[in-house]
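Student: attaching a predicted model along with its sequence, questions to come.
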Amino acid sequence: MKMMNGCKPVLLATLALITFATPAIASEDWPIITRKVDVLYEGDKPFVFLGLAAPNIQANEDQILPDFSNRFPDEYELRDLLSSINRLGARATRSFAFGIHSPKDKGIPFHVMGRRQYNEDAFRSFDMLLALCKEYDVRILVPIIASQSFEIVRGVDEFAALSGKTEVGAFWTDKKVKEDFKHFLRYLMNRKNTITGVVYKNDPAILAWQFGNEFDSYYNDRKLPPEIWKPIITNWQLEMAAYIKTINPNHLLVEAGGDRQTMIDSPLIDIMSAHLYEYWNRLFGGPTELAPIAKEERERTRGKKVLLIDEFGLATLENQRALIKTIREEGISGGLLWSIRAHRRDGGFYYHNEGGTPINSFHLPGFTSGYHFQAQQILDLIRKEGYAMRGMKVPPIEKPDQPPILWGNKGELVWRGSTGASGYNIERAESKQGPWEVMAVGVQDSVIFDVKKYTEDKIYKPTPLWFDETSDPGKVYYYRVKGINAGGETDYSNILEMSR
């Protein structure tokens, strides 16, 4: 297909002919994950994992287009994330909480748009995620709601506001809000996937449901007395746990904070979680060595509950290496580094900076843009140790997935990336039939995109990945690109006709 100057990326969707594999229905080789005391099981075999959290796998939060058309991941972005996780040897990841509408975020779509009003487009994207999981052998840990009020995510206060309750703590205490949340729980557990036909409560793609994200942050962020609010939040979780067990006895439940010993002792809770960050501990005066914290948590849960380190990071390579060693040796069921982001459908990657630190999101397979936080070394460590946890040798690197899709304007090239590619080779010709000349080798696509950048005709224009400095102005050239890595290369992209 020939693409002339100013071609909109949205048109490229017609190039990707993607089909779904067998739907993710529970079977002997794909059962719902269970537990026996403090161990997760997949059928009769222990289930362990080491990988990365994928907080944009249910909704993109950064670099959103002005028309919000990329708010929810499409099939390409979901496949890119799942394939990346699979390539690292991980068998699970963690999404972030479902988004709750707030009037502060005008025009932005959320999963929950009003009182007992759920966004079908948003959940169709989640349907697609679950439909793809078996193909990539990845399970999803799903937190339901955030305690925080992050921009374009929002959480418990916004949910209470949709019920007409704005007083502090209404989400945890008000009967009407609780009934509305139970309505949301019924919607989640009983939703039938529009692709597979599998009801969520029967879907083995869901590793476990977590009540939410960092509930202890609720009273800490608002400087409320923990001696009052921790018991309230603990009791709220136990109430909801009892309710979920009546409508979904299949899946495991993960706490999200509250009184830790009460959660360990409760028969309603299956899994204990921990978020371990060197940066945040250092900032707030906590212990900075992460491995001893994990070991202490394991001793508290041993013989009682499964333990997951479902978020960790913002730490030195040495600190993370020690933590991962502890996860593997102490029988902790899983660990997830924070965090991985997908390729963009319109070229490059999504980015997210972590609290003003030097650390940005991780992109497979690791790029020079992540040199200052040792991204390549950390991803290599995750891959090596993840396979070791499973008792497996690290396999050879697989060649990149799908060939890139290429477009451009006035000498600037942009392409939809190939999952797993460490770089791209660019070729140019003066005829569509060649001969082709290699113009660049190993060009990386891990660059930041500016969604506010527009061309003169107000068409969104992503940051170019490569510019042809040697082309003659006004002369027509033909371009093609292929993805490469240590395991091989993709087929060539489409051929682009372009002049500058």
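Tutor: Cool, got the structure.

Student: for the residue nearest the centre of the chain, give me its contacts.
Tutor: In the chain, the centroid-proximal residue (CA atoms, centre = their mean) is Ala54; its distance is 1.8 Å. Going by CB atoms under 8 Å, 6 or more residues apart in numbering, Ala54 touches 81, 85, 93-95, 339-342. Glycine gets a C-beta too; all of them are placed from N, C-alpha and C.

Student: switch the cut-off to 7 Å
Tutor: Taking CB atoms under 7 Å, 6 or more residues apart in numbering, we find Ala54 in contact with 81, 85, 93-95, 339-340.

Student: so which of those residues are in helices?
Tutor: Judged by DSSP state H, the contacts of Ala54 include 81, 85 as members of helices.

Student: for Gly286, state which of the contacts of Ala54 is nearest.
Tutor: When the contacts of Ala54 are compared for distance to Gly286 (CB to CB), Ser339 wins out at 20.5 Å.

Student: not counting its neighbours along the chain, what's nearest the closest one?
Tutor: Counting by CB to CB, 6 or more residues apart in numbering, Ser339 lies nearest to Ala53, which is 4.5 Å off, once chain neighbours are set aside.

Student: CA atoms only for the lowest-mean-pLDDT helix or strand in the chain - export them in PDB, please.
Tutor: Using mean pLDDT, DSSP states H and E, the weakest-scoring helix or strand in the chain turns out to be helix 278-283, at a mean of 91. Taking C-alpha atoms only, helix 278-283 is exported to PDB below (Å, rounded to 0.1, in the frame of the first residue of the first chain):
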ATOM      1  CA  GLU A 278      13.700   1.800  47.800                       C
ATOM      2  CA  TYR A 279      13.000   5.400  46.500                       C
ATOM      3  CA  TRP A 280       9.700   5.900  48.500                       C
ATOM      4  CA  ASN A 281      11.100   4.300  51.600                       C
ATOM      5  CA  ARG A 282      14.200   6.500  51.500                       C
ATOM      6  CA  LEU A 283      12.000   9.600  50.900                       C
END
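
Student: centre of the chain to that helix, how far?
Tutor: Here helix 278-283 is found 23 Å from its chain centre; the criterion is CA atoms, centre = their mean, to the nearest Å.

Student: and stretch 46-59, which residues are buried?
Tutor: For stretch 46-59, the neighbour count (16 or more other CB atoms under 10 Å) marks 47-59 as buried.

Student: just the terminal-to-terminal distance for it.
Tutor: The straight-line separation of the ends of stretch 46-59 (CA to CA, to the nearest Å) is 31 Å.

Student: tell me which other helices or strands the least confident helix or strand of the chain touches.
Tutor: Packing partners of helix 278-283 (3 or more CB pairs under 7 Å, 6 or more residues apart in numbering; DSSP states H and E): none among the helices and strands.

Student: now the helices for the protein?
Tutor: Here the chain has its helices, by DSSP H, at 75-87, 120-136, 156-162, 170-173, 175-190, 216-221, 226-247, 260-265, 278-283, 290-301, 317-329, 375-389.

Student: select, out of those helices, the one closest to Arg500.
Tutor: Of all these, it is helix 75-87 that lies closest to Arg500, at 27.9 Å by CB to CB.

Student: need the residues that contact that closest one.
Tutor: 16, 18, 51-52, 54, 57, 93, 128-129, 132-133, 136-138, 340, 342-343, 345, 364, 398, 401, 416, 419-420.

Student: cool, stretch 322-329 as well?
Tutor: Outside stretch 322-329, the residues that touch it by CB under 7 Å, 6+ apart are 50, 276, 290-291, 294-295, 309, 312, 335, 381, 385, 388-389.
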